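Engineer: Got a predicted structure plus its sequence, pasted below:
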Amino acid sequence: TTEEYRLHTEDILNIKFPYHTDYDQTVTINPDGKIRLLLIGEVETYEEVRTGKGTIEKRGKTVGELERELKKRYEQYFKDADLTVTFQAANIKIEELKKAITTAPRGQSRLMPVKPDGNITLPFVGDIRAFGKTIEELRQDLNLSYEEIGIPELEVTVQILSVAPRKIYVMGEVYRPGVMEVGNMITLSQALAMAGGANRRADSSKVLVVRRKNMPVPEGVVVDVEHMLQSQVGCCKDPKPDNKAWTRDFWLDDYDVVYVPPSKLTQCNDWIEQVFTKGIYGVLPFSTSVGFGYQIYNAPTSVKDSSSRWDRVVNSIVNQ
């Protein structure tokens, strides 16, 4: 059998007295679940019930339950306290919600992106935490939120339309450092391959991976990628990959940082360049060069010319 409709906030009720028409009233159920009537004042339209789990929750009364309660309370004022309670408008929130979520292309559904703070914003209930929850957990939270504001008849379904890309940051000695946006999960070796691989300056034996997602403080791990890629087992004639080494090729998470450091030789070369090439030589430029000069005298053309020249040299020395 269909359960009898229970009152909700913002429902509009007509209360009619056939013998005391001066007390006829049209009232709206307030957000606190109460209505205010002539003579008797505030009346609670919700009641507390114990659930099967042993908890106490509030639910709206039926029209018949409210009508019987009002008759008892008005009997102290009227000898014949006959009255009727009818709806002028019901399910106001549901109708407003339908208008809020109805769109021409999608009907009674709405696209809700997860904001950077991890929340989604829905009509009437505001921000709901979505980050880190499964689809079923989010669906239950949404239905509970709408039930708490007086719309238990509403059933919310959740579907993932698109998955936001993961961001992996690769830096250091790779050919294409930067931010990678990937739709699916990738491993450390796949991220390095997408970055063009390690360049000649890299030390692949000390690759650092830093993770901060869902952690109070960042945590890092050093991976020997060079050993992982080159490790083999078996004899030289029939080598096989070392599967144990590949256990270090783990899945990367969103916002992970991969850093490929320079080798010791690269650091030494960089130090020499900074200190000497761009440092001392850049501030005090100087250069050293060695030159060689050559002087060739005219050789004698004949023996006679040679002896006469020698005689002149000897005579010059003697005369001195």
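Structural biologist: That came through, no problem. Since this is a predicted model, take the numbers as computed values, not measurements.
Engineer: Okay, now the unreliable bits of the stretch 1-150 of the chain?
Structural biologist: Residue ranges of the stretch 1-150 of the chain with pLDDT under 70: 1-3, 90-93, 98, 100-108, 150.
Engineer: all strands of it, in order?
Structural biologist: 12-16, 25-28, 34-37, 41-44, 46-50, 56-60, 84-89, 102-103, 107-108, 119-122, 126-129 (DSSP state E, counting those that start in this stretch).
Engineer: Reformat the ones you listed as JSON lines; add distance to residue 189 and mean neighbour count.
Structural biologist: Every C-beta, even on glycine, is put in place using the N, C-alpha and C of the backbone. Below are the strands of the stretch 1-150 of the chain laid out as JSON lines (distance: least, C-beta to C-beta, whole Å; neighbours: other C-beta atoms under 10 Å):
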{"stretch": "strand 12-16", "distance to residue 189": "66", "mean neighbour count": "17"}
{"stretch": "strand 25-28", "distance to residue 189": "65", "mean neighbour count": "15"}
{"stretch": "strand 34-37", "distance to residue 189": "65", "mean neighbour count": "16"}
{"stretch": "strand 41-44", "distance to residue 189": "66", "mean neighbour count": "13"}
{"stretch": "strand 46-50", "distance to residue 189": "58", "mean neighbour count": "13"}
{"stretch": "strand 56-60", "distance to residue 189": "53", "mean neighbour count": "14"}
{"stretch": "strand 84-89", "distance to residue 189": "64", "mean neighbour count": "14"}
{"stretch": "strand 102-103", "distance to residue 189": "44", "mean neighbour count": "12"}
{"stretch": "strand 107-108", "distance to residue 189": "45", "mean neighbour count": "10"}
{"stretch": "strand 119-122", "distance to residue 189": "35", "mean neighbour count": "16"}
{"stretch": "strand 126-129", "distance to residue 189": "35", "mean neighbour count": "14"}
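Engineer: Same list, the ones you listed, but as JSON lines with distance to residue 263 please.
Structural biologist: As requested, the strands of the stretch 1-150 of the chain are arranged in JSON lines below (distance: least, C-beta to C-beta, whole Å):
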{"stretch": "strand 12-16", "distance to residue 263": "78"}
{"stretch": "strand 25-28", "distance to residue 263": "77"}
{"stretch": "strand 34-37", "distance to residue 263": "76"}
{"stretch": "strand 41-44", "distance to residue 263": "77"}
{"stretch": "strand 46-50", "distance to residue 263": "71"}
{"stretch": "strand 56-60", "distance to residue 263": "66"}
{"stretch": "strand 84-89", "distance to residue 263": "77"}
{"stretch": "strand 102-103", "distance to residue 263": "58"}
{"stretch": "strand 107-108", "distance to residue 263": "60"}
{"stretch": "strand 119-122", "distance to residue 263": "46"}
{"stretch": "strand 126-129", "distance to residue 263": "46"}
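Engineer: Compare those and give me the one nearest residue 278.
Structural biologist: Closest approach to residue 278 among the strands of the stretch 1-150 of the chain is made by strand 119-122 (50.8 Å; C-beta to C-beta).
Engineer: quick one: the closest one to chain centroid distance?
Structural biologist: Offset of strand 119-122 from its chain centre (C-alpha atoms, centre = their mean, to the nearest Å): 15 Å.
Engineer: Identify each of the helices in the stretch 51-200 of the chain and give its residue range.
Structural biologist: 63-74, 92-101, 135-148, 188-194 (DSSP state H, counting those that start in this stretch).
Engineer: Buried deepest among these, which one?
Structural biologist: Compared across the helices of the stretch 51-200 of the chain, helix 188-194 shows the largest average neighbour count, a mean of 18 (mean count of other C-beta atoms under 10 Å).
Engineer: helices and strands around that one, which ones?
Structural biologist: Counting contacts by 3 or more C-beta pairs under 8 Å, 6 or more residues apart in numbering; DSSP states H and E, helix 188-194 packs against strand 166-172, strand 178-182, strand 207-211, helix 225-230, strand 257-260.
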